[in-house]
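S.K.: All I have is the shape, not the residue letters:
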């Protein structure tokens, strides 16, 4: 979907705030058209989590990764590379959240 691609490009270009709106809209559209358990919905949760992590909103990022993980395991299998990516991103966000809380 164009919104997800646009959001991903904006995120890569460092425009995380602008990317957030596009990715949220893409997520909403994908859930309504594909259903909450579709792999593309899981990928969009992952993308949204990455966006929140870039904005140092680690609690929201973790929430997104927690939503992405079961969807992607069910849709792609537990051995899929994207599942590993979600786990790694979640660990990074947990570490970032812990750093902020203990400053």
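M.R.: Done, it's in. Bear in mind the structure is a predicted one, so any value in this text is a computation, not a measurement. Numbering: from 1, shown residues only.

S.K.: helices and strands around whichever helix or strand residue 21 is part of, which ones?
M.R.: In the assignment (DSSP states H and E), residue 21 maps to helix 16-34. Using 3 or more CB pairs under 8 Å, 6 or more residues apart in numbering; DSSP states H and E as the contact test, the elements touching helix 16-34 are helix 2-12, helix 39-54. C-betas here are computed from N, CA, C, even on glycine.

S.K.: what does the helix ranked longest in the chain rub up against?
M.R.: With DSSP state H setting the assignment, residue counts place helix 81-101 as the longest helix in the chain. Outside helix 81-101, the residues that touch it by CB atoms under 8 Å, 6 or more residues apart in numbering are 42-43, 46, 49-50, 52-53, 56, 58-59, 61-62, 65-66, 68-69, 72-73, 76-77.

S.K.: how about a cut-off of 6 Å?
M.R.: Residues external to helix 81-101 that are found in contact with it (CB atoms under 6 Å, 6 or more residues apart in numbering): 46, 53, 58, 61-62, 65, 68-69, 72-73, 76.

S.K.: what's the farthest-apart pair in those?
M.R.: The two members of the contacts of helix 81-101 with the most space between them (CB to CB) are 58 and 76, at 24.7 Å.

S.K.: if you count what's nearby, which of the two comes out ahead?
M.R.: The residue with the greater number of neighbours, taking residue 58 and residue 76 and applying other CB atoms under 10 Å, is residue 58; the counts read 22 against 15.

S.K.: now the residue positioned nearest the centre of the chain, nearest residue through space, not along the chain?
M.R.: Centrality entry for the chain: nearest residue to the mean C-alpha point is residue 46, 2.2 Å, by CA atoms, centre = their mean. Excluding its sequence neighbours, the residue lying closest to residue 46 (CB to CB, 6 or more residues apart in numbering) is residue 68, at 4.4 Å.

S.K.: cool, residue 62 as well?
M.R.: For residue 62, the spatially nearest residue (CB to CB, 6+ apart) is residue 93, at 5.0 Å.

S.K.: Quick check: residue 9 vs residue 101, distance?
M.R.: Look at residue 9 and residue 101: by CB to CB, to the nearest Å, they are 32 Å apart.
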